[in-house]
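K.L.:
Please work out how this folds:
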Amino acid sequence: METIMVDGFDAAIFDMDGVVTDTAGLHAAVWKEVFDQFLEGFEGVGFKPFTMTDYRRYVDGKERYSGVRSFLRSRGIVLEEGKLDDDPGCETVCGLGNRKNLLFLERLGRGVEPFGDTIEFIARLKAMGVGVALISASKNASRVLDAAGVTDFFDVILDGRDVEEKGLLGRPAPDIFLEAAGELGVEPARAIIVEDAISGVRAGHSGGFGMVIAVARDGCEEALLMAGADLVVNDFSSVKLRKNLSYALQRVEEIIRDASWKNLSVFLDYDGTLTPIVERPEDARLSEEMRKRVTTLSARCVVSIISGRDLSDIQKMVGIKGVYYAGSHGFHLLTPEGVVWEKKEANKLLPLLDRAEERLREVLSSIEGVLVERKKYAIAVHYRRADEKIIPCVKREVEMAKEGGLRLSYAKKVFELQPDIDWDKGRVVTMIMDDLDTRKDLFPIYIGDDLTDEDAFGAVKGVGCAILVGDRDETLADYRLDQADVGAFLEALGRYC
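P.N.:
Below you'll find the predicted structure:
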């Protein structure tokens, strides 16, 4: 498992064919058809077919006509350049290139698939604030991206048309990568290049980029490393993203300075944040010291408790008046004025949760260490006390209980079924901020420990700050904090208010 520290990077620039879309094989097959047909007539009895080694070495990653010249040169063949509008049947550089393009477009019409691991990796990068660009030597890049349905994933797209219009040199020159970095507004040293072609890896290496990742889906790792790749992967499922987070308690003054002249609003998760994680949910009781600190803070600024627990449960556990309570990950809300709000669409799905609960209690109740907890809008299956060997079995049962209309989410040692509705902690945080009616002057701070808090981290991104309690890879948080120091941090915020 490889780990990339994203703190050092502001952008990632992806090649298209073979990296984002499963089109490298299509390109190679079409080039083979074009070159083999030409070579059979040109070389006669000495015919040597075009191979994948030829594709990687002379054609992959290069502009179409440049690829023709490069391969023919390798065979000691020199053809007339011809004209850009040469008929595909002409035996000129442009004619062969145009024939390849015609055949490629015909086959592209049958459909193209993106690489799921790459798209997921791009989504993870974007979620952590990294800009993403796509480059391609192909003039058909926009058609390919549209056919694959991934155009909207990229902040900047540069293709063969841009190379021509801007007078950029083709790979292994780094021009197109440098142009993409410029359009993203980042220095090359702060950008990652992701390539599968040797020429592209050389371009990234020579351009002074901070990191060159090579994708070797069909081998050739050694050649990519020799070309200058810093990291070679077979797919992106083995790559973790991580950033170093400053410790919030040591940066209180910095956070307060960011909040100066704004209205502070503090959002707090409960389990693992206000209380330590415990084996049984009912044992997570708020200490009197923590209750006092939250009460003091709530008298000075707006405080919201955002929890996966039922609304009545979290209200009882905290027991502080004058704060917002959001239960069931935001499906149920109580305002300080006593107004109760529910996500109405979720009520229609309660029968699905009832059936799932019945099934899960029937199959899991006899397993030692597994607890099925029903909430109004969710079913939580706790496995903290269970034998690790049976956890895959528990997960399988939860997946089998999930009917259409429900979704499976993951928390710390918990599998949870919820209504499959576009609603989460981030949405309810946004709704509360809108309810405060001072959002332009609001500085929200969200403190949470769970994966379910990442949506809320995203909601306050750019307007406030997010603090992760504990530590993990791939988080949107700006700072981190140990659970033992949450009270001290709240106390420091209270002094500012």
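
K.L.:
how is the protein carved up into domains?
P.N.:
2-21+113-242, 24-108, 246-343+423-496, 346-419 (automatic domain parsing).

K.L.:
Tabulate those in a markdown table, adding columns for mean pLDDT and mean neighbour count.
P.N.:
Glycine gets a C-beta too; all of them are placed from N, C-alpha and C. Output for those, formatted as a markdown table (pLDDT from 0 to 100; neighbours: other CB atoms under 10 Å):
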| stretch | mean pLDDT | mean neighbour count |
| --- | --- | --- |
| domain 2-21+113-242 | 92 | 20 |
| domain 24-108 | 84 | 17 |
| domain 246-343+423-496 | 92 | 19 |
| domain 346-419 | 91 | 17 |
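
K.L.:
Phi, psi for the closest residue to Asp22 other than its chain neighbours please.
P.N.:
When the adjacent residues along the chain are set aside, Asp22 lies closest to Glu113, with 4.8 Å between them (CB to CB, 6 or more residues apart in numbering). Taking degrees, to the nearest 10, you get phi -110, psi 140 for the backbone angles of Glu113.

K.L.:
isn't Ala24 right next to Asp196, touching?
P.N.:
Yes: counting by CB atoms under 8 Å, Asp196 is a contact partner of Ala24 at 6.6 Å.

K.L.:
and for these two, which residues touch both?
P.N.:
Counting by CB atoms under 8 Å, 6 or more residues apart in numbering, the common neighbours of Ala24 and Asp196 are Asp17, Gly18, Asp60.

K.L.:
my guess is the last one meets Ala24, correct?
P.N.:
Yes: because the distance of 7.1 Å satisfies CB under 8 Å, Asp60 is recorded as touching Ala24.

K.L.:
residues shared between the contacts of the two?
P.N.:
Counting by CB under 8 Å, 6+ apart, the residues touching both Asp60 and Ala24 are Asp17, Gly18, Asp196.

K.L.:
Okay, and which of those map to strands?
P.N.:
Counting by DSSP state E, no part of those is found in strands.

K.L.:
Now distance to Ser206 too, for those, in CSV please.
P.N.:
Shown next, in CSV, are the shared contacts of Asp60 and Ala24 (distance: CB to CB, whole Å):
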residue, distance to Ser206
Asp17, 21
Gly18, 20
Asp196, 17
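
K.L.:
show me where the stretch 1-150 of the chain has strands.
P.N.:
Secondary structure of the stretch 1-150 of the chain (DSSP state E, counting those that start in this stretch): strands at 2-5, 11-15, 131-135.

K.L.:
Neighbouring strands of the last one in the sheet, and parallel or not?
P.N.:
Partners of strand 131-135 in the sheet, by DSSP bridges, are strand 11-15 (parallel), strand 156-158 (parallel).

K.L.:
swap in the shortest one?
P.N.:
Partner strands for strand 2-5, per DSSP bridges, with pairing direction: strand 239-242 (parallel).

K.L.:
Using CSV, write out every CA atom in the partner strand.
P.N.:
As requested, the backbone C-alpha atoms of strand 239-242 are provided in CSV (Å, rounded to 0.1, in the frame of the first residue of the first chain):
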residue,chain,number,x,y,z
VAL,A,239,-2.8,4.2,-3.1
LYS,A,240,-3.7,6.0,0.1
LEU,A,241,-3.9,9.8,0.4
ARG,A,242,-2.9,11.5,3.6
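
K.L.:
Run through who's touching it.
P.N.:
1-6, 121, 124-125, 128, 233, 473-474.

K.L.:
can I get those in JSON lines with distance to Ala248?
P.N.:
Formatted as JSON lines, the contacts of strand 239-242 follow (distance: CB to CB, whole Å):
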{"residue": "Met1", "distance to Ala248": "28"}
{"residue": "Glu2", "distance to Ala248": "28"}
{"residue": "Thr3", "distance to Ala248": "23"}
{"residue": "Ile4", "distance to Ala248": "24"}
{"residue": "Met5", "distance to Ala248": "20"}
{"residue": "Val6", "distance to Ala248": "19"}
{"residue": "Phe121", "distance to Ala248": "29"}
{"residue": "Arg124", "distance to Ala248": "23"}
{"residue": "Leu125", "distance to Ala248": "24"}
{"residue": "Met128", "distance to Ala248": "18"}
{"residue": "Val233", "distance to Ala248": "33"}
{"residue": "Asp473", "distance to Ala248": "18"}
{"residue": "Glu474", "distance to Ala248": "19"}
